[in-house]
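Colleague: the following comprises the amino acid sequence and a computationally predicted model.
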Amino acid sequence: MTKRLGRRDFLAAGVGLGMDLAASAALAQTEVAPRAPGTDALGRTGGGGQGRGKPIPKQMARTTKLFMTPPSWPNAVATDPEGRGFWVQEQRHDNRQEAAWLLDFDGKVLHTVVTNSKNTSGMTFGNGYVWSGANGASEMNHPTPPINGIFQTDMNSKQISHRQIPFGPTADGGSCHGMAWQNGKLWIYANRLESLMRIDPKTWEVDSMFLCTRIPEISARLHGMEYENGFIWQVCGAQNPDVPGYEGYTPGLVKYDVNTGEVIQLVEFVPGSCDMHDVAVRNGQLYGVDAGEHPGWSIDNPAYQHPGWPPLNSPSGGYVFRIDLI
């Protein structure tokens, strides 16, 4: 006996058939969308990585020593916004307070600020304050957790604030290896997150963040940083595993677009250049500083030592220097 379809059954069957046909058409359209051979449905290749496989422009640079800082391990440098010279901050391993000095362009001490930061590995100056990034795990006999975070200190050496890097435990957001100032905002290199983040220093809210470079030959050592007109310079470098110490190390700089986080330039230094721990910019000119305290490098070379100084392990230890792209 033949079953006859009612009006409602007929309409339902028609709607279902229409939906099946529409889905098939949409699927077919997606599958035949224009794309390059050897890519996935979105046109992506398997290469991945920084810049989607695009070659990154490279440039060479050389350094010229300018002057020595006060006896210390000078691990951070920033230009003074009033044009008086450079701010340089020391790192220590003995848990004593660490100084930041305002030096004129010949190295004369104009002002000293004493901070509570520990093993300072990043520093900048902004809004009339010294901002210091702590790397407390490098202190001898450090507490648990180590003293990390960002210290804000005024010109009278009064601590205004001590706050942890965001997105971490309340007592320890991880260490900092670089800081920069951008029009009222702080850029921080957050070691634990392997990221560069921009923070409002008043609200402590993050409004921009991107991962550091993953380029293997330079990402093993990333350090100080500086902001310049929409870009960030970050110290990098590569150690020849077969040649220990200064002789086997090639310092470098990596330049990011702050809007995308993309690496747009790599700078490699000619042999014999100063070992770089932080970078600063003044009127388009790059500068650096060498702490003379590089992890794993021997301090037994007498040629690197200076009377009254802590033990150093590079020939440029303690110097502020100019960086010239060539």
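Modeller: Received, thanks. Numbering: from 1, shown residues only.
Colleague: mind listing the helices for the stretch 151-300 of the chain?
Modeller: 216-219 (DSSP state H, counting those that start in this stretch).
Colleague: isn't Ser175 right up against Arg192?
Modeller: Yes - in this structure, Ser175 is within contact of Arg192 by Cβ atoms under 8 Å, at 7.0 Å. Where C-beta positions appear, they are placed from N, C-alpha and C, glycine not excepted.
Colleague: quick one: name whatever helix or strand follows the strand ranked longest in the chain.
Modeller: When the chain is parsed with DSSP state E, its longest strand is strand 58-68. Remark: after strand 58-68, the chain's next helix or strand is strand 73-79, criterion DSSP states H and E.
Colleague: give me the contacts around the very next helix or strand once past that following strand.
Modeller: Using DSSP H and E, the helix or strand that follows strand 73-79 in sequence is strand 86-91. Applying Cβ atoms under 8 Å, 6 or more residues apart in numbering, the contact partners of strand 86-91 are 69-70, 72-80, 98-103, 105, 115, 117, 119-121, 123-125, 130, 132, 135, 138, 280, 287, 289, 291, 293, 320.
Colleague: where does Asn191 fall, phi/psi-wise?
Modeller: Dihedral pair for Asn191: phi -60, psi -40, per degrees, to the nearest 10.
Colleague: brain fart, Ala137
Modeller: For Ala137, the backbone dihedrals (degrees, to the nearest 10) come out as phi -70, psi -10.
Colleague: number of nearby residues for it?
Modeller: The number of residues packed near Ala137 is 17, by other Cβ atoms under 10 Å.
Colleague: ok, now how distant is it from Phe86?
Modeller: Going from Ala137 to Phe86 by Cβ to Cβ, to the nearest Å gives 27 Å.
Colleague: could you turn the buried ones of the contacts of strand 86-91 into a PyMOL selection?
Modeller: Remark: buried members of the contacts of strand 86-91, expressed as a PyMOL selection using 16 or more other Cβ atoms under 10 Å:
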select buried, resi 69+70+72+73+74+75+76+77+78+79+80+98+99+100+101+102+103+115+117+119+120+121+123+124+125+130+132+135+138+280+287+289+291+293+320
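Colleague: CA atoms of stretch 191-203 as PDB?
Modeller: C-alpha atoms of stretch 191-203 as PDB (Å, rounded to 0.1, in the frame of the first residue of the first chain):
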ATOM      1  CA  ASN A 191      61.200  36.500  32.300                       C
ATOM      2  CA  ARG A 192      58.700  34.000  33.600                       C
ATOM      3  CA  LEU A 193      56.300  34.700  30.700                       C
ATOM      4  CA  GLU A 194      59.100  35.200  28.200                       C
ATOM      5  CA  SER A 195      57.100  38.200  27.000                       C
ATOM      6  CA  LEU A 196      57.300  42.000  26.700                       C
ATOM      7  CA  MET A 197      54.400  43.800  28.300                       C
ATOM      8  CA  ARG A 198      53.300  47.400  28.600                       C
ATOM      9  CA  ILE A 199      51.800  48.400  31.900                       C
ATOM     10  CA  ASP A 200      50.000  51.500  33.200                       C
ATOM     11  CA  PRO A 201      52.200  52.400  36.200                       C
ATOM     12  CA  LYS A 202      49.200  54.000  38.000                       C
ATOM     13  CA  THR A 203      46.600  51.200  37.600                       C
END
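Colleague: ok now that stretch, how far from the chain's centre?
Modeller: 10 Å (Cα atoms, centre = their mean, to the nearest Å).
Colleague: buried set for it?
Modeller: 191, 193, 195-199, 201.
Colleague: confidence score at the residue nearest to Gly85 when sequence neighbours are not counted?
Modeller: Closest residue to Gly85 apart from its sequence neighbours, by Cβ to Cβ, 6 or more residues apart in numbering: Asp104 at 4.1 Å. In this model, Asp104 is scored at 98, pLDDT.
Colleague: from now on call the first residue 23
Modeller: Done: numbering now begins at 23, and the last item shifts to Asp126.
Colleague: if I look at Asp126, how far off is Val342?
Modeller: When Asp126 is compared with Val342 (using Cβ to Cβ), they lie 11 Å apart.
Colleague: is it true that the residue nearest to Gly107 touches Gly105?
Modeller: No - counting by Cβ under 8 Å, Asp126 does not reach Gly105; the two are 10.2 Å apart.
Colleague: of the two, give the one with the bigger neighbour count.
Modeller: Taking other Cβ under 10 Å, Asp126 and Gly105 do not tie; Asp126 has more neighbours (13 against 9).
Colleague: what does the domain assignment say about this protein?
Modeller: 23-68, 79-347 (automatic domain parsing).
Colleague: can you tell me which of the buried residues of stretch 213-225 is nearest Gln287?
Modeller: Nearest to Gln287 among those is Leu218, at 15.6 Å by Cβ to Cβ.
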